[in-house]
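Participant: Model the structure of this input:
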Amino acid sequence: MIISASRRTDIPSFYSDWFFNRVKEGFVLVRNPMNFHQVSKVNLKPDVIDGIVFWTKNPLPMLDKIDKLINYVYYFQFTITPYGTDIESNLPPKTSDILQSFKCLADIIGPERVIWRYDPIFISEKYTYDYHINAFGKIADELRDYTKKVTFSFINKDYRGVKGNIKKLALKDFDSASQIKMSSQLAEIAITNGLNIDTCAVELDLKQFGIEPACCIDDRLFKKLLDSGLDIGKDKNQRKECGCVTSIDIGMYNTCKNGCLYCYANYNKHNVDINYEKHNLHSPFISGDTYENDKICMREIKSCRNEQIELFY
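Facilitator: Have a look, this model is predicted:
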């Protein structure tokens, strides 16, 4: 089984010590987002975990502990956007800290295992079309020797967190024709810098520019890293445009402190503050602990590896 750590929060940035405690203990408890008292106990032992996908905007807090993952196969989805603190209020400076941590991570684990995410893209009076083209080019030039791929997406205004911040984002119209035009320019920049480029859950057909639909939780990459076959199917719980394979997410909504206005995983700042205060390094939960009405069930998982190594991934 593959572990997602996590679409719901930035574990490397805010909960890395807790995560390594859970690895040491060999399990984690995860609440069902739709049913608070329904809890899954997830086995984290290496014999059943085929891989881990980390999602982050700042992995610096876990870099000095990454050798503790020696028994696991993993890679990072690392988001670097051109937005300032008006949009991403709690991120360290991009040029002095974030870009350097990206390079440091790539030096440690290799550029194939650090995927640059430039998402989501939105247009406003400050963050214009040309602003994005220029910013993307500058970041691509910085990261060209530290990653093999960039994934981008366009903002989804239907997410609850985005809806709540529409006024603050001050979004301008960004129609399909403009998105296609921008995609072609981003592809040209990526290819010039030796990067593969794909899109995360974008409905547009962009294959004419060499842009494929992304598989962010990617069985193909894991097969290469594992040097093994992997019998795992598409994640049916994601949007139809999503190419990800099945995984178990061990995060929790409304726990990320990055403060990004476009975030779908945070939709109540008050709850974010409360949940963060309830974080305990030694709890099996990322926030809080066991309640009287909790029903804890062991999640049945097993390795999806097979002995037959595939010729083509």
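Participant: Now the terminal residues of stretch 29-45, how far apart.
Facilitator: End-to-end distance of stretch 29-45 (CA to CA, to the nearest Å): 14 Å.
Participant: Any buried residues in that stretch, and which?
Facilitator: Residues 29, 30, 31, 39, 40, 42, 43, 44 are the ones in stretch 29-45 that count as buried (16 or more other CB atoms under 10 Å). (Glycine included, C-beta is placed from N, CA and C.)
Participant: Show me the residues you listed that map onto helices.
Facilitator: Among the buried residues of stretch 29-45, DSSP state H puts none in helices.
Participant: and which of those is nearest residue 158?
Facilitator: For the buried residues of stretch 29-45, the minimum distance to residue 158 (CB to CB) is 24.0 Å, reached by residue 31.
Participant: hey, what's the closest one bridged with?
Facilitator: Counting by DSSP bridges, residue 31 is bridged to residue 39.
Participant: Export the buried residues of stretch 29-45 as a markdown table, with columns for pLDDT and distance to residue 203.
Facilitator: Listed next are the buried residues of stretch 29-45 as a markdown table, based on pLDDT from 0 to 100; distance: CB to CB, whole Å:
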| residue | pLDDT | distance to residue 203 |
| --- | --- | --- |
| 29 | 98 | 36 |
| 30 | 98 | 30 |
| 31 | 97 | 31 |
| 39 | 98 | 35 |
| 40 | 98 | 32 |
| 42 | 98 | 32 |
| 43 | 97 | 36 |
| 44 | 98 | 35 |
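Participant: Using CSV, lay out those residues together with distance to residue 67.
Facilitator: Putting the buried residues of stretch 29-45 into CSV (distance: CB to CB, whole Å) gives the following:
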residue, distance to residue 67
29, 26
30, 25
31, 30
39, 31
40, 28
42, 23
43, 22
44, 17
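Participant: helices or strands up against the longest helix seen in the chain?
Facilitator: When the chain is parsed with DSSP H, its longest helix is helix 176-192. Judged by 3 or more CB pairs under 8 Å, 6 or more residues apart in numbering; DSSP states H and E, the packing partners of helix 176-192 are helix 129-143, strand 149-154, strand 196-199.
Participant: From the chain's centroid, how far away is the last one?
Facilitator: Using CA atoms, centre = their mean, to the nearest Å, we find the averaged C-alpha position of strand 196-199 to lie 15 Å away from the chain's own average C-alpha position.
Participant: continuing past it, what's the next helix or strand?
Facilitator: Reading on from strand 196-199 to the C-terminus, the next helix or strand found by DSSP states H and E is strand 212-213.
Participant: so what strands line up beside that next one?
Facilitator: In the sheet, strand 212-213 lines up against strand 196-199 (parallel) (DSSP bridges).
Participant: For residue 60, which residues are in contact?
Facilitator: 13, 92, 97, 101, 104 (CB atoms under 8 Å, 6 or more residues apart in numbering).
Participant: Please indicate which of those residues are buried?
Facilitator: 13, 101.
Participant: Just the ones of the contacts of residue 60 in strands?
Facilitator: If you go by DSSP state E, the contacts of residue 60 have nothing in strands.
Participant: Return the subset of the contacts of residue 60 lying in helices.
Facilitator: Those of the contacts of residue 60 mapping onto helices are 13, 101, 104, per DSSP H.
Participant: Would you convert these into TSV that also reports pLDDT and distance to residue 225?
Facilitator: Output for the ones in helices among the contacts of residue 60, formatted as TSV (pLDDT from 0 to 100; distance: CB to CB, whole Å):
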residue	pLDDT	distance to residue 225
13	97	23
101	97	21
104	97	20
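Participant: Can you tell me the element the spatially closest residue to residue 142 that is not a sequence neighbour falls in?
Facilitator: Residue nearest to residue 142 in three dimensions, not counting chain neighbours: residue 99, with 5.5 Å by CB to CB, 6 or more residues apart in numbering. Secondary structure from DSSP H and E places residue 99 in helix 99-109.
Participant: Alright, that wraps it up for me.
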